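A.B. asks: Model the structure of this input:
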Amino acid sequence: MSVEITPSYEPESGTWTYLLADPVQCVAVIIDPVWVFDPVSGRVSTQQIDVLLNIAQQRNYRIEWVLETHAHADHLSSAGYIRDQTGARIAIGRGICAVQKTFTRVFNLKDIATDGSQFDRLLDDGDMIPLGALAIRVMQTPGHTGDSLTYLVEDAAFIGDTLFAPPYGTARCDFPGGNASDLFDSIQRIHGLPDTTRLFLCHDYAKDGTPPVNMVPISESRQNNIHIKTGTDREAYIAMRTQRDARLSLPRLLLPALQVNIRAGSAPAGDDNDVPYLRLPFNRTIAQILAGESH
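C.D. replies: Below you'll find the predicted structure:
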C-alpha cells in the first residue's frame with residue numbers, strides 16, 4: 001500500500017496544496033487548501049481548489065479531512081468551503097487557540113470563540129488520523145507559529161512553512177507566537193526523520209522561469225539549506241533568523257488571511273445587511289495593538 005499524493009500549485013501565494021489518498025479504499029484528505037483572494041476587489045475564487053475536488057470526484061475519493069499545518073498568514077484557507085462541499089472535517093494544531101486569542105485582540109473581534117471550536121478536531125503531538133488502511137501521524141513543529149504541525153505518512157512529511165527548498169532557507173519567526181529557538185528545535189526534529197523521508201513543502205517561489213518545487217529529499221535539506229544544515233550552531237541560527245526577520249515586511253495578505261483562517265477557513269458572519277466584512281486596523285501595527293498603544 002502506498003499513499004497517492006496529488007500536488008496543486010497556487011501561483012499568487014506560491015502555495016502547494018496536497019490531495020492524499022488511499023486509492024484502494026477511496027478515501028482522501030486535503031492539506032493546506034487555498035481560497036484565492038483579490039484584496040483590491042475583496043472577491044474570492046474557488047477555481048484552484050475546485051480542480052482538486054474534481055480530481056477527487058473523478059477518482060471516486062471520499063474526502064474525510066482537511067488538515068492545516070498552521071493558521072496561514074499569506075493566503076486564505078478554503079477549508080470551510082471544502083467542508084461545505086464534501087462534509088469533510090477540519091483539523092489543526094491545538095495551538096490555534098492561542099492564535100485566536102491573539103488575533104481576536106488585533107482585530108477587536110467580539111463574536112469569535114477562542115477555544116478552537118470552529119475546527120472539528122484539535123491535534124496534539126503523536127495523534128493519528130486515519131487514511132483508509134494508512135495512518136497520518138501528527139508531529140508538533142512550532143517556531144514559525146505556535147500552532148505549526150508536520151503530517152507524516154509512510155515516507156512523506158508535509159512540513160508546512162517550517163522549511164523551504166534549500167535556496168530559500170527557513171520560515172520567519174516574528175509573528176505573534178513565533179520563536180526562533182523553537183524553530184531550530186523543530187527543524188532538528190524534522191531533519192532527524194529517516195533518511196528516506198521526502199519533505200513536501202507548503203511554499204515555493206519560482207524564479208527566472210524555473211518551475212516551483214514541491215518536494216525535497218531530506219538529505220538535500222540537511223546538506224544544502226542556506227539557513228540551517230547539519231552542524232549549524234543554535235545561537236548562530238537564532239541570531240541570523242532574528243536579524244533577518246527584523247528586515248522583512250508583512251505578507252501581503254496577512255490581515256485578511258488571519259481573519260478567515262482563525263475561523264477555520266470561513267468568511268465572517270454577515271452584518272445586518274447580510275454582507276460579510278473584513279477589518280483593517282488604521283495606522284496601527286500588530287505590535288502596537290497588542291501592547292495597548294493608542295497611537
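A.B. asks: Sketch out the helices for the protein, chain order is fine.
C.D. replies: For the chain, the helices defined by DSSP state H occupy 47-58, 79-86, 96-106, 180-191, 218-224, 234-245, 254-261, 286-291.
A.B. asks: And these, which one averages the lowest pLDDT?
C.D. replies: Ranked by mean pLDDT, the helices of the chain end with helix 286-291 at the bottom, a mean of 93.
A.B. asks: just the helices of the chain: most buried one?
C.D. replies: helix 254-261 (a mean of 22; mean count of other C-beta atoms under 10 Å). Where you see a C-beta, it was placed from the backbone N, CA and C, and this is true even at glycine.
A.B. asks: relative to helix 96-106, how tilted is it?
C.D. replies: Angle, helix 254-261 to helix 96-106, by axes from the mean of the first three to the mean of the last three C-alpha atoms, to 10 degrees: 130 degrees.
A.B. asks: Please enumerate residues in contact with helix 254-261?
C.D. replies: 35, 37, 39, 68, 71-77, 99, 103, 106-107, 109, 251, 266-268, 278-281 (C-beta atoms under 8 Å, 6 or more residues apart in numbering).
A.B. asks: re the thing from before, kindly reformat the helices of the chain as a markdown table and extend each row with distance to residue 204.
C.D. replies: Shown next, in a markdown table, are those (distance: least, C-beta to C-beta, whole Å):
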| stretch | distance to residue 204 |
| --- | --- |
| helix 47-58 | 16 |
| helix 79-86 | 21 |
| helix 96-106 | 24 |
| helix 180-191 | 17 |
| helix 218-224 | 13 |
| helix 234-245 | 19 |
| helix 254-261 | 18 |
| helix 286-291 | 26 |
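A.B. asks: of all those, which lies closest to residue 157?
C.D. replies: Set against residue 157 and scored by C-beta to C-beta, these come closest in helix 180-191, at 6.6 Å.
A.B. asks: Which elements pack onto the closest one?
C.D. replies: For helix 180-191, the packing partners by 3 or more C-beta pairs under 8 Å, 6 or more residues apart in numbering; DSSP states H and E come out as strand 134-140, helix 218-224, helix 234-245.
A.B. asks: for the longest one, packing partners?
C.D. replies: So the one you mean is helix 234-245. If you count contacts as 3+ C-beta pairs under 8 Å, 6+ apart, helix 234-245 packs onto helix 180-191.
A.B. asks: Report the angle between the helix it packs on and helix 234-245.
C.D. replies: 110 degrees.
A.B. asks: returning to what we had before: can I get the helices and strands packed on helix 180-191 in TSV including distance to residue 198?
C.D. replies: Shown next, in TSV, are the helices and strands packed on helix 180-191 (distance: least, C-beta to C-beta, whole Å):
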stretch	distance to residue 198
strand 134-140	14
helix 218-224	7
helix 234-245	24
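A.B. asks: closest to residue 149 out of those?
C.D. replies: Taking these one by one with C-beta to C-beta, strand 134-140 is closest: 5.8 Å.
A.B. asks: roughly how far out does stretch 278-295 sit from the chain middle?
C.D. replies: 24 Å (C-alpha atoms, centre = their mean, to the nearest Å).
A.B. asks: Contacts for that stretch next, please.
C.D. replies: 42, 102, 105-109, 176, 255-256, 259-260, 268.
A.B. asks: Could you identify the most distant pair in those?
C.D. replies: Spanning the widest gap among the contacts of stretch 278-295 are 42 and 176, at 25.0 Å by C-beta to C-beta.
A.B. asks: who's more crowded, the two?
C.D. replies: Between residue 42 and residue 176, counting by other C-beta atoms under 10 Å, residue 176 is the more crowded of the two (17 against 12).
A.B. asks: Find the nearest non-adjacent residue to that one, please.
C.D. replies: Excluding its sequence neighbours, the residue lying closest to residue 176 (C-beta to C-beta, 6 or more residues apart in numbering) is residue 102, at 4.6 Å.
A.B. asks: Would you confirm that the one you found contacts residue 178?
C.D. replies: No: the criterion here is C-beta atoms under 8 Å, and residue 102 misses it with residue 178 at 11.0 Å.
A.B. asks: who's in contact with residue 151?
C.D. replies: 31, 67, 69, 129, 136, 137, 138, 139, 157, 158.
A.B. asks: just residue 152 next, same as before
C.D. replies: Listed by C-beta under 8 Å, 6+ apart, the contact set of residue 152 reads 136, 137, 138, 139, 158, 193.
A.B. asks: Show the buried residues in the residues you listed.
C.D. replies: 136, 138, 139, 158, 193 (16 or more other C-beta atoms under 10 Å).
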